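Trainee: Sequence below, structure please.
(one chain, ligands or ions: 1)
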Amino acid sequence: MVTIFGYAKINLTLDILGVRDDGYHEIATVMQSLALRDELTLRQRAEGISLRVDVPGLETDARNLAYRAAALLIEECGIRGGVHIDIVKRVPVAAGLAGGSADAAAALRGMNELYGLGLTDEELRGFGARIGSDIPFSLTGGTVFATGRGEIMERLSDFPETAVLLAKPPVAVSTPWAYRSYDAHPPEKHPDNAAFLQALAHGDVHACARLAVNVLQPVTEAAHPVIADYRARMRTGGAACAMMSGSGPTVFGLFADAAAAAHTAEAFRRETDAEVHLTRTAKMTMIKRT
Ligand code: C5P
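Mentor: Sure, this is the predicted structure:
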């Protein structure tokens, strides 16, 4: 048996540079892992894959990315045997926080441990990229500049530990739709990633907060004005930066003052329908050693 954590991420910047021949978009994004995480327990079984999740309504078949990750390694590494995966789900689903990718990353690393496959991190990231663009980051964590489809990783110095408030409005956003809408109406404002990386190298959280831009935010926000409302609430609460993560719909606020983040979390719980999590930027440790 092995227990592995899968961590939520936010995009501190997200730029789109163009459409590729394979239909994906060339992106340049600074990604950051958070302390908020799912917990997966993997157990060997004679054959086949079974999955149990502790929240209702989530797929437990091949539509689940953790299932697909386990199936891929069983197939490609010629594993004789199966796996049962139990998921304790804490990361909001379909939120722009890479929750599904986090579980897939945990399943890949978990299978590597459980069956002693001896795959390197690079090999795991290669398998991950075949399942989803965010999975290589979910296997890496910390603070990363990601390019290509999002699968090319450059480790950066860690973003200083900062309180992060997450508020997910009760709306559904499809990632392919967000990218298509971007193509139809590309917004003018792009992040200056070079300036952001420089600010990060100096550990200047305030400059980073000023330079945080997500090109998908205007696109998703136009369809879901609740996102603009949540960002305004975050700023009123004292957030140095309030932005949408990924293709949304989750809004995150970076708070220099953890008490202000806690007060703002309470206000969100009182006054909105948001799913609210108070967390912080974090490096990640995936394997739980008991
Ligand atoms: O890779 P993943 O399956 O997570 O991507 C989901 C969808 O998001 C893709 O089918 C594509 O429409 C869009 N996408 C993109 N360019 C990227 C990443 C995702 O167009 N770099």
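Trainee: Phi and psi next, for Ala223.
Mentor: Note on Ala223: its backbone torsions stand at phi -80, psi -30 [degrees, to the nearest 10].
Trainee: Does it touch Ser181 like I think?
Mentor: Yes - with contact defined as CB atoms under 8 Å, Ala223 counts as touching Ser181 (7.5 Å). Using the backbone N, CA and C atoms, a C-beta is placed for each residue, glycine as well.
Trainee: neighbour count winner among those two?
Mentor: Comparing Ala223 with Ser181 by other CB atoms under 10 Å, the one with more neighbours is Ser181, at 19 against 15.
Trainee: Quick check: closest non-adjacent residue to the more buried one.
Mentor: Nearest in space to Ser181, with sequence neighbours left out and distances taken as CB to CB, 6 or more residues apart in numbering, is Val219 at 4.6 Å.
Trainee: now that neighbour: how far from the ligand?
Mentor: Val219 is 12 Å from the ligand, where distance means CB to the nearest ligand atom, to the nearest Å.
Trainee: Run through the residues that contact that residue.
Mentor: By CB atoms under 8 Å, 6 or more residues apart in numbering, Val219 lies in contact with 178, 181-182, 185, 187.
Trainee: Out of those residues, list just those in helices.
Mentor: Residues of those located in helices (DSSP state H): 178, 181-182.
Trainee: Settle this for me: Arg52 is touching Ile87, isn't it.
Mentor: Yes - under the criterion of CB under 8 Å, Arg52 makes contact with Ile87 at 7.0 Å.
Trainee: Low-confidence regions, this structure specifically.
Mentor: Within the chain, no range satisfies pLDDT under 70.
Trainee: Let me see the ranges of the helices in it.
Mentor: Under DSSP H, the chain gives helices at 65-76, 99-114, 121-131, 135-138, 175-184, 193-201, 205-211, 217-223, 226-236, 258-271.
Trainee: And the buried ones among the contacts of Val219, selectable in ChimeraX?
Mentor: Of those, the buried ones can be selected in ChimeraX as follows, counting by 16 or more other CB atoms under 10 Å:
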select :178,181,182,187
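Trainee: Got the domain ranges for the chain?
Mentor: Listed by automatic domain parsing, the domain ranges of the chain are 2-156, 163-280.
Trainee: Turn the ones you listed into a markdown table, columns for distance to Arg289.
Mentor: A markdown table is the format used below for these (distance: least, CB to CB, whole Å):
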| stretch | distance to Arg289 |
| --- | --- |
| domain 2-156 | 9 |
| domain 163-280 | 22 |
